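generate coordinates for the sequence data below:
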Amino acid sequence: MREPFSEVQAAHRPDVPADRLGRVLATAFGGEHRVRAVDARSSPFAGVWPADTVSVELERGGNVGLWVKRLSAEGDGHPDKSAPDREPRVYAELLCTPGLPVPRWYGCAHDPRTGERELVLEHIPGWDLRYHAIDTWELAVRALARLHGQFASCGDDLRQRGFLLRLDAEYVREWAYRAVDALRGPEPALARRLRARLDDYDDVATLIGRQAPTLVHNDLAPKNVVADTTDVPPRICFIDWETAGVGCGGLDLVHFLHGLAPGPEERLVETYANEPGAALPTGEDRARLLTACRAHKTVFRLAHSRLWLPRRGVARAWLDEIERDLSNL
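Purely as a prediction, here's the structure:
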């Protein structure tokens, strides 16, 4: 089933004037592109920000399918989403090379009425990975390995891009302290347990921080991986680059695999590792790195108390996971 609209999306009404889209397409394609008609509909796949699926009919003939995502200048309060220009700049400056596993970026427009920036992307006519079999997941994890490999030699350049998050040891430590703060009110005993393990958690931060850097999506849940099955083999596209950063590619791999059974997880780790250019160590070093990345992702979830509070016992189970991971490092 498709997920229901978010509250923001439910209140959103599509309003994408033809002249704004025409200017974006003219810049993207070169020359003048007058728009004859626009059919914009609220997308059921929008997340925090409202988004529209748009069909544009051009005066010269032909149609263009677009995904128009609205980005608020105020952000949504998430510490990793304080730079509203991050996602547009990731597309414009880093993901504009043909052949990368992302939607085509056409440009940005500005809505003078709301002050929102409109990110205009190619519409991918497909479903996310949650609705696909393991073979499509293998295609996606291969695409991820190649993407990481392509940016593996660009660490110095990526670090100079101020719009990217620095996913270093300090970043990992900061999220651990946020998790302690999130637990203090609703689960003070668990907050004390986690606080007592932060010295051990420094090993997690150090291990992640010393890995060779690459471009990291940093929110690569299966819902952010779309497979277009109108192509053979299916075309894989990674979407929603709002929290992109420079750091350890293992963070993406672990997030991508979260919730899978051990068998499929091991299969996909090997698929990723065997792809040319994949930056993943071997043997015990690989196991330690993936354990550290899992610990960070679990701490990250603990830091979002508003999401897990209705689910009794989940925080305790996650803290048990973290303690097991720390004992295995």
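
and residue 131, how many neighbours?
Residue 131 sits with 12 neighbouring residues when counted by other Cβ atoms under 10 Å. C-beta: built from backbone N, CA, C; applies to glycine.

tell me the pLDDT of it.
The score at residue 131 is 93. That number is its pLDDT.

and for residue 218?
97.

correct me, but it touches residue 248?
No. Residue 218 lies out of contact with residue 248 (Cβ atoms under 8 Å); the separation is 10.2 Å.

quick check: neighbours shared by the two?
residue 167 (Cβ atoms under 8 Å, 6 or more residues apart in numbering).

between the two, tell me which one has more neighbours.
Shown here are residue 218 and residue 248; by other Cβ under 10 Å, residue 248 has more neighbours (28 against 21).

how about that one: what's its closest non-neighbour residue?
Distance criterion Cβ to Cβ, 6 or more residues apart in numbering; nearest residue to residue 248, sequence neighbours excluded, is residue 211 at 3.9 Å.

what does residue 53 give?
Sequence neighbours aside, residue 43 is the residue nearest to residue 53 in space, at 4.8 Å (criterion: Cβ to Cβ, 6+ apart).

likewise residue 217?
residue 252 (5.2 Å).

same question, residue 151
Nearest non-adjacent residue to residue 151, counting by Cβ to Cβ, 6+ apart: residue 215, 3.9 Å away.

isn't there a strand covering the one you found?
Yes. Secondary structure of residue 215 (DSSP: H, G, I helix; E, B strand; the rest coil): part of a strand.

what's across from it in the sheet?
residue 246 (DSSP bridges).

ok, it touching residue 155?
No. Using Cβ under 8 Å, residue 215 makes no contact with residue 155, being 9.5 Å away.

could I get the average pLDDT for the helix or strand harbouring residue 140?
Using DSSP states H and E, residue 140 sits in helix 134-151. Confidence over helix 134-151 (mean pLDDT, whole number) is 96.

what does stretch 223-233 give?
On average, stretch 223-233 scores 92.

sec struct for residue 100, please.
When classified by three-state DSSP, residue 100 comes out as coil.

ok, now which ones touch it?
With Cβ under 8 Å, 6+ apart, residue 100 has these contacts: 147, 150.

that one and residue 72, how far apart?
Distance, residue 100 to residue 72, by Cβ to Cβ, to the nearest Å: 27 Å.

which helix or strand in this structure has the lowest average pLDDT?
Least confident helix or strand, the chain: helix 7-11 with a mean of 44, by mean pLDDT, DSSP states H and E.

name the surrounding residues that touch whichever helix or strand comes after that helix.
Next helix or strand after helix 7-11 toward the C-terminus (DSSP H and E): helix 18-29. Helix 18-29 is contacted from outside by 32-38, 54, 56, 58, 64, 66, 68, 106-109, 111, 118, 120, using Cβ under 8 Å, 6+ apart.

ok, now stretch 283-295?
201, 203-204, 207-208, 211, 248, 250-251, 253-254, 269, 273, 280-281, 321-322, 325-326, 328-329.

among the residues you listed, name the ones in helices.
Secondary structure from DSSP state H places 201, 203-204, 207-208, 250-251, 253-254, 269, 273, 321-322, 325-326 of the contacts of stretch 283-295 in helices.

and the furthest pair within the residues you listed?
Spatial extent of the ones in helices among the contacts of stretch 283-295 (Cβ to Cβ) is set by the pair 201 and 273 at 25.8 Å.

of the two, who's got more company?
residue 201 (24 against 16).

which residues does the residue nearest to the more buried one when sequence neighbours are not counted contact?
With Cβ to Cβ, 6+ apart as the measure, residue 176 is the residue that lies nearest to residue 201, at 5.3 Å, once sequence neighbours are left out. Contact analysis of residue 176 by Cβ under 8 Å, 6+ apart lists 194, 198, 201, 205, 299.

same check, this time on residue 170
The contact partners of residue 170, taken as Cβ under 8 Å, 6+ apart, are 205, 209.

give me phi/psi at the residue nearest to residue 136 when sequence neighbours are not counted?
Counting by Cβ to Cβ, 6+ apart, residue 136 lies nearest to residue 227, which is 5.1 Å off, once chain neighbours are set aside. The phi and psi values for residue 227, taken as degrees, to the nearest 10, are phi -110, psi 120.

isn't residue 227 right next to residue 128, touching?
Yes. Applying Cβ under 8 Å as the test, residue 227 and residue 128 come out as touching, 7.4 Å apart.
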